[in-house]
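[1] got a structure for you, letters missing:
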């Protein structure tokens, strides 16, 4: 008898609570999917760098080229002296080819 009265006293979940819980669960699922995608890219990067060390150097050169271009377009005064140095290096490299 005590069990039947305890079951009838359980609080009912309202529709608003159900909607809120569904939204929260959807947000949590999206967060987990995002983490999964980040972990996949991290694993890919690690495997790629371990199998081809030249890739790391190539990516660094690409990053430097991007920063030079961005500095040239945006007019960053701190980067201008570095751009001149890289330009001289590029001209020297091209002339050696």
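    Right, received. Where do you want to start? Here the structure is a predicted model, which means the values were calculated and not measured.
[2] helices or strands up against the top helix by length along the chain?
    When the chain is parsed with DSSP state H, its longest helix is helix 15-51. Counting by 3 or more Cβ pairs under 8 Å, 6 or more residues apart in numbering; DSSP states H and E, the packing neighbours recorded for helix 15-51 are helix 53-74. No exception for glycine: its C-beta is placed from N, CA and C like everyone else's.
[3] Give me the angle between the helix it packs on and helix 15-51.
    110 degrees (axes from the mean of the first three to the mean of the last three Cα atoms, to 10 degrees).
[4] burial count for residue 56?
    13 (other Cβ atoms under 10 Å).
[5] okay, it: pLDDT?
    At residue 56, the pLDDT value in this model is 73.
[6] nearest residue to it other than its sequence neighbours?
    Nearest residue to residue 56, sequence neighbours excluded (Cβ to Cβ, 6 or more residues apart in numbering): residue 49, at 5.3 Å.
[7] Could you tell me how many residues sit around residue 67?
    15.
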